[in-house]
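>>> need the 3D shape of this:
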Amino acid sequence: MALPPLAERLRPNTLDDYVGQKKLVGPDGVLRRMIETGNVASFILWGPPGVGKTTIARIIAGATRSPFYTLSAVTSGVKEVREVIDRARHDAQSMFSSGGRPILFIDEIHRFSKSQQDSLLGAVESGIVTLIGATTENPSFEVIRPLLSRAQVYTLDALDKEDLDRLLHMAIERDEVLKNRDVRVEETAALFRYSGGDARKLLNILELLEQTTAANCPVVINDSTVTEHLQQNPQAYDKNGEMHYDIISAFIKSIRGSDPDAAVYWLARMIAGGEDPLFIARRLVILAAEDIGLANPTGLLIANACFDTIHKIGMPEGRIPLAQCVIYLATSPKSNSAYMAIDAALQEVSRSGNQPVPLHLRNAPTQLMKDLGYHENYKYAHDYPGNFVAQQFLPDSLVGSVFWHPGSSSAEQSMQQRQESRWGKK
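Residues are numbered from 1 along each chain as shown. Have a look, this model is predicted:
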């Protein structure tokens with residue numbers, strides 16, 4: 001009987017053997033507290049492939065002795081969802097007495113349609129099941145608001161080098177196959193680079209090295225052997241992960257680098273590989289705001305229109321508006337000043353906390369507030385020439401702070417000149 005893949009053989013059963021996500025499963029992690037208290041609330045795990053989303057769900061179910069149901073959004077419809085809920089409802093009495101509330105795990109929940117997600121609401125709200133969803137996509141795009149309001153979203157990160165190193169040595173020391181081989185770890189840079197923070201990908205590469213090394217020879221892990229094996233077997237270690245992340249990375253970088261030919265090529269690679277067109281369209285919306293931004297605000301409108309069009313017409317016709325949008329964004333002037341500005345402002349908020357709003361900027365709907373000085377001396381901009389008058393808008397402790405630094409595009413230089421004519425140089 002063939003052994004299951006290495007990644008499945010090493011799937012942990014407890015949080016102590018789980019690698020990564022310390023903020024969630026560490027000593028003070030919220031998911032660890034759920035297990036310890038037995039109070040498991042519905043939540044959605046958002047993160048890249050191979051970081052342990054399914055594993056977390058199984059560990060929680062096992063630790064709380066909860067019945068565990070699983071559905072894949074790729075293969076399940078409303079009928080399958082209702083069947084699972086009916087089974088959970090039918091067995092609820094015995095389940096509650098023997099363990100925790102039934103857990104329904106839905107992989108790739110972002111692929112569920114609105115009607116499929118609607119079919120979950122009643123069971124989640126009434127407590128028939130605890131929902132654990134897993135997604136590689138931002139839930140705010142595709143998960144309906146009523147379901148999001150009933151489930152906390154937890155973000156999972158790609159594994160760092162320390163996590164990957166721990167996983168590598170756990171595999172060598174614990175796996176029934178690898179511990180009987182002479183495995184020599186000489187270098188890990190290439191192994192970790194190709195893994196890209198994905199535990200499954202690392203284990204697949206490790207298994208590939210073991211399986212392609214003669215039984216009487218040592219399994220040598222260094223940059224040369226890893227690169228050589230993966231060049232010979234470029235898809236052997238996770239075709240879906242390579243397609244989904246490496247190519248989208250090249251795609252985004254080509255648009256950011258203003259190369260429409262390369263961008264259209266990578267677009268074609270994704271379309272030919274069966275990539276979800278809405279995934280591509282979402283990335284274009286993000287890119288239009290992050291990398292083009294104020295240099296050409298129309299870019300965001302074009303990207304949003306493309307996303308809406310893909311929703312309406314689907315494929316194969318959707319390839320045309322996708323190509324139109326990609327070429328427009330690739331040839332557009334670029335600026336990341338808005339992206340940098342909000343990140344700088346968020347860093348300041350994290351550093352200085354909740355600074356008080358200046359009194360003259362506060363509303364004064366009651367007499368008491370007026371007596372306390374709320375709204376006093378506020379200057380209404382439209383009462384002044386050019387609809388502008390200088391006054392303080394930042395908290396007292398942050399006066400003079402600058403978060404937005406305009407880019408070199410003509411549009412932003414014009415915006416900067418207009419601001420300098422109002423405020424002078426900051």
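
>>> need the per-residue pLDDT for the residue of the chain positioned farthest from its centre.
When distances are taken from the C-alpha mean of the chain, D371 lies farthest, 47.9 Å away, according to C-alpha atoms, centre = their mean. The model reports D371 with a pLDDT of 81.

>>> same question, Q235
48.

>>> same thing with P365?
pLDDT, P365: 81.

>>> pretty sure it is in a strand, no?
No: counting by DSSP: H, G, I helix; E, B strand; the rest coil, P365 is not found in a strand; it is coil.

>>> what's the neighbour count on it?
Per other C-beta atoms under 10 Å, the neighbour tally for P365 reads 10. Placement of C-beta: from N, CA and C, glycine included.

>>> tell me the mean pLDDT over stretch 312-331?
94.

>>> which of the helices and strands in the protein ranks last by mean pLDDT?
Lowest mean confidence among the helices and strands of the chain (mean pLDDT, DSSP states H and E): helix 239-241, at a mean of 47.

>>> C-terminal to that one, what's the next element?
Next along the chain after helix 239-241, taking DSSP states H and E as the criterion, comes helix 247-256.

>>> can you show me the strands along the stretch 101-250 of the chain?
Ranges of strands in the stretch 101-250 of the chain, per DSSP state E, counting those that start in this stretch, are 103-107, 130-135, 152-155, 183-185, 219-221.

>>> same question for the longest one, mean pLDDT?
The pLDDT scores in strand 130-135 average 88.

>>> specify the angle between it and strand 103-107 in degrees.
With axes from the mean of the first three to the mean of the last three C-alpha atoms, to 10 degrees applied, the angle from strand 130-135 to strand 103-107 works out at 10 degrees.

>>> list of residues touching strand 130-135?
40-46, 53-54, 56-57, 60, 66, 100-110, 120, 124, 139, 142-143, 147, 150-151 (C-beta atoms under 8 Å, 6 or more residues apart in numbering).

>>> filter these down to the buried ones, PyMOL style.
In PyMOL, this line selects whichever of the contacts of strand 130-135 come out buried by 16 or more other C-beta atoms under 10 Å:
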select buried, resi 40+42+43+44+45+46+53+56+57+60+66+100+101+102+103+104+105+106+107+108+109+110+120+124+139+142+143+147+151
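
>>> quick one: which of the contacts of strand 130-135 sit in helices?
Within those, residues falling in helices by DSSP state H are 53-54, 56-57, 60, 120, 124, 139, 142, 147.

>>> for these, give me a markdown table that also has pLDDT.
Formatted as a markdown table, those follow (pLDDT from 0 to 100):
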| residue | pLDDT |
| --- | --- |
| K53 | 90 |
| T54 | 90 |
| I56 | 91 |
| A57 | 90 |
| I60 | 89 |
| L120 | 81 |
| V124 | 83 |
| P139 | 84 |
| E142 | 74 |
| L147 | 85 |
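
>>> any low-confidence regions in the stretch 151-300 of the chain?
Regions of the stretch 151-300 of the chain meeting the criterion pLDDT under 70 cover residues 232-244.

>>> ok, the ones in helices among the contacts of strand 130-135 vs F307, which is closest?
Top of the list for closeness to F307, among the ones in helices among the contacts of strand 130-135 and by C-beta to C-beta, is E142 at 11.5 Å.
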